[in-house]
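Colleague: Pasting the sequence and the predicted model now:
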Amino acid sequence: MRVRPTGEWRNRSLGGLTLTAVLLLPGAADAQVSFQSQRSQAPSFGTTAQADPIADATGGDTAPSRVTGNGATDTGAGLPASGDTSGGESGAGARAPTRAVMALRTSSAPNNRALGPILRRRAAPLRRSGSPTIRATRQITQASPNDLRLTPIVRSAVIGVPGPPLLPLAGIQTTGFLFGGGLRQPLSIDQAYAPLGIKVGTFTFLPSFQQSIGYDTNPEQITRVAAKPSMVLRTEADLAFRSDWSASELSGELRGAYLDYPDNQAASRPNGAGVTRLRIDANRDTRIDVEGRFAVDTQRTGTPDLNVGAATRPLVMSYGTTVGVTQVFNRLQLSLRGLLDRSQFEDARLGDGTVIAQGDRNLNQYGLQLRAGYEVSPNIVPFVDVLADTRVYDVRVDSSGIRRDSDGLTLSAGATIALTRFVSGEVSAGLQHRTYNDPTLRNLTAPVMSASLIWTASPLTTVRLNATAGVVETSVPGSSGVLTQAVTLEAQHDLLRNLSLIGGITYVTSDYDRVNISERGFSATARLDYRFNRWLSVRGSYIYQQVDSSVATASFRSNTWLLGLRVSP
């Protein structure tokens, strides 16, 4: 006869199964505790309800049953539900263990099918794919970032008043240089008509060439009585370039022009300006900056510093460099820069061939600048700037017997601002004190100012403000220096995508210390740009210049009309 195992026998078999799991599997002690808790709840011998601890251990999950080879139903837990033995009928009352239990006792490996639910429940949770730091790093290194390299459009800065580092440091002052000869470039160009440039290696170059013809009522910029009008031919070339490096950057803007007056060759003259900048990203918080700059202009024959009837306009050249390092400490930014500038003056020639030497005006300027800024917010970074400089002349004593070497200290404070996404720039103001070696020259204390702001009033209108003030050198006997201020306001409005109207005004004041000489200058410019396509445009402009000086021979007025064709390959 068949003997059906009771619940007590099943409990004993499951106890051995659990004991084996405890011995073979690390961390299975928890399973034994769970089993003992379930056993205490099992029905007593003779009851009809059969408790299945393995099914309970799996959280109530049941596996689909299947029919085995001997006709017994396998519940998926390793034990036949009917309790049949492997050898058929057994002796009277003898209970033989099932095949699953025998295999468990004789084999050193546990039954995976029986222990699967327990192992799945007691296994350690799956490891995460990575920490947030690793995930962010993978996104940066494996995903293609946005291309922050050079776009096909490089916009040159408007050539108006020279930048603040150039005017006070170089020690030069010419009306033509302050006026800038009118606006050179529009503030912005619609991308559909902007030049694409020329790609050479890792650099993109944007050259341009312009030939203009027009008329000037006073090309020599002298008194109205002696003015001799002439037709004017203006030849101008520009070059903007920028590197295409993943880190660091080399860029620059260069401009040169020559004005030819066929009816008055004495007034023909060149002018130009340029700057190149190299930024080296040493690491995340350290940056090295190297800048080179130059400016070329001519002196008016009636200027108080010359005041002779020269046959031609002598050249004035200024060039220099700046090397600095900037370190960022969280929100604090510290910059230390060394500056070197040199100014040279060409000798003047009179109509009879006499040479007026100006070599005693040549000088070098050495400066050390320290700036500390704190980022209050991404929109405003206030800073404090300290500049110590010394000006050394090539000739110790000039033609008037004066030693003009001097030392200066400039303190200023300002901020780099981006009040909204429409207004950006930098503004600062302070005081400069200069001490001269010659006891006959009085020490100077004068205000300094620097401002460069751009206001995008609308998608079609842009306004730009430049302002600068400082102390420049002079050769007038008895005067320590010239206090010069210049303000330029420029505006551009796009009538069409390829038609722009540009206007600008410049106001200049120059006061000579301890002598009764002062000048007030005004310049107004109106220009119309029409672009046929990316590389060809036509430009018409009108420039009005006026200087009123306490020296009668230094005052002048002039009107200039120009019409030119511009090519930007």
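Modeller: Cool, the structure landed.

Colleague: tell me the pLDDT at Leu19?
Modeller: Listed pLDDT for Leu19 reads 56.

Colleague: if I pick the residue lying closest to Asp389 once chain neighbours are set aside, what's in contact with it?
Modeller: Of all residues beyond its chain neighbours, the one nearest Asp389 is Gly367 (3.6 Å), with distances taken as CB to CB, 6 or more residues apart in numbering. To be clear about C-beta, it is placed using only N, CA and C from the backbone, and glycine gets the same treatment. Taking CB atoms under 8 Å, 6 or more residues apart in numbering as the criterion, Gly367 is in contact with Leu169, Gly338, Leu339, Leu340, Asp341, Leu387, Ala388, Asp389, Thr390.

Colleague: Same question for Ala491.
Modeller: Listed by CB under 8 Å, 6+ apart, the contact set of Ala491 reads Thr461, Thr462, Val463, Arg464, Ile502, Gly503, Gly504.

Colleague: in the sheet, who's paired with it?
Modeller: Counting by DSSP bridges, Ala491 is bridged to Val463, Gly503.

Colleague: From Leu562, how far off is it?
Modeller: 19 Å (CB to CB, to the nearest Å).

Colleague: And for Gly359?
Modeller: Distance, Gly359 to Leu562, by CB to CB: 35 Å.

Colleague: Please apply the same query to Asp394.
Modeller: Using CB to CB, one obtains 38 Å as the distance from Asp394 to Leu562.

Colleague: Settle it for me: which of the two has more neighbours?
Modeller: Neighbours of Asp394 and Leu562, each counted by other CB atoms under 10 Å, are more numerous for Leu562; the result is 21 against 12.

Colleague: What sits closest to that one if chain neighbours are left out?
Modeller: Leaving out its chain neighbours, Leu562 is closest to Gly214 (CB to CB, 6+ apart), at 3.8 Å.

Colleague: residues contacting the one you found?
Modeller: Gly214 makes contact with Met231, Val232, Arg234, Thr560, Trp561, Leu562, Leu563 under the criterion CB under 8 Å, 6+ apart.

Colleague: low pLDDT regions in the protein?
Modeller: In the predicted model of the chain, residues 1-188 satisfy pLDDT under 70.

Colleague: what do you get if the cut-off is 50, keeping everything else the same?
Modeller: 1-3, 6-12, 27-110, 128-170, 181-185 (pLDDT under 50).

Colleague: Which parts of the stretch 201-350 of the chain are strands?
Modeller: Here the stretch 201-350 of the chain has its strands, by DSSP state E, counting those that start in this stretch, at 203-216, 230-243, 249-260, 269-281, 286-298, 315-329, 332-345, 348-349.

Colleague: quick one: which of the ones you listed is nearest Val515?
Modeller: Proximity of those to Val515 was assessed by CB to CB; the nearest stretch is strand 332-345, lying at 19.7 Å.

Colleague: Identify each buried residue in that closest one, please.
Modeller: Residues of strand 332-345 classed as buried under the neighbour-count rule (16 or more other CB atoms under 10 Å) are Gln333, Ser335, Arg337, Leu339, Asp341, Arg342, Ser343, Gln344, Phe345.

Colleague: try stretch 357-374
Modeller: Buried-residue list, stretch 357-374, by 16+ other CB under 10 Å: Gln358, Asp360, Arg361, Leu363, Gln365, Gly367, Gln369, Arg371, Gly373.

Colleague: what bridges to Ile454?
Modeller: On DSSP bridges, the residues paired with Ile454 through beta bridges are Ser424, Arg464.

Colleague: all helices for the chain, in order.
Modeller: Taking DSSP state H as the criterion, the chain contains helices spanning 7-24, 29-39, 53-57, 99-106, 112-122, 132-142, 166-170, 175-179.

Colleague: re the thing from before, among the buried residues of stretch 357-374, which are located in strands?
Modeller: Using DSSP state E, the subset of the buried residues of stretch 357-374 located in strands is Leu363, Gln365, Gly367, Gln369, Arg371, Gly373.

Colleague: Apart from its neighbours in sequence, what residue is nearest the first one?
Modeller: Read that as Leu363. Tyr393 (4.6 Å).

Colleague: so who does the one you found touch?
Modeller: Shown in contact with Tyr393 (CB under 8 Å, 6+ apart): Asp360, Arg361, Asn362, Leu363, Arg404, Asp405.

Colleague: ok, now with 10 Å
Modeller: Contacts were defined as CB atoms under 10 Å, 6 or more residues apart in numbering; by that measure Tyr393 touches 171, 343, 359-364, 402-406, 437, 473.

Colleague: What of Phe556?
Modeller: Phe556 makes contact with 175, 218, 220-224, 226-227, 300, 302, 521, 545-549 under the criterion CB under 10 Å, 6+ apart.

Colleague: Count the neighbours of Glu220 for me.
Modeller: When neighbours are defined as other CB under 10 Å, Glu220 has 24 of them.

Colleague: likewise Asp305?
Modeller: Residues near Asp305, counting by other CB under 10 Å, number 22.

Colleague: correct me, but it touches Gly481?
Modeller: No: under the criterion of CB atoms under 10 Å, Asp305 lies out of contact with Gly481, with a separation of 11.4 Å.

Colleague: tell me which residues in stretch 273-281 are buried?
Modeller: Buried residues in stretch 273-281, counted by 16+ other CB under 10 Å: Ala273, Gly274, Val275, Thr276, Arg277, Leu278, Arg279.

Colleague: Quick check: the nearest residue to the first one once chain neighbours are set aside vs Ser343, distance?
Modeller: Same thing as Ala273. With CB to CB, 6+ apart as the criterion, Ala273 has its nearest non-adjacent residue at 4.7 Å, and that residue is Ala295. To Ser343, Ala295 is 9 Å away according to CB to CB.

Colleague: Also Pro447?
Modeller: As it turns out, when the distance is counted by CB to CB, Pro447 lies 22 Å from Ser343.

Colleague: How about Thr298?
Modeller: As judged by CB to CB, Thr298 and Ser343 stand 14 Å apart.

Colleague: who touches both of those two?
Modeller: By the contact definition CB under 10 Å, 6+ apart, Thr298 and Ser343 are jointly contacted by Val316.

Colleague: mind listing the strands for the stretch 451-569 of the chain?
Modeller: If DSSP E, counting those that start in this stretch is used as the criterion, the strands of the stretch 451-569 of the chain fall at 461-472, 482-496, 499-512, 518-531, 536-549, 556-567.
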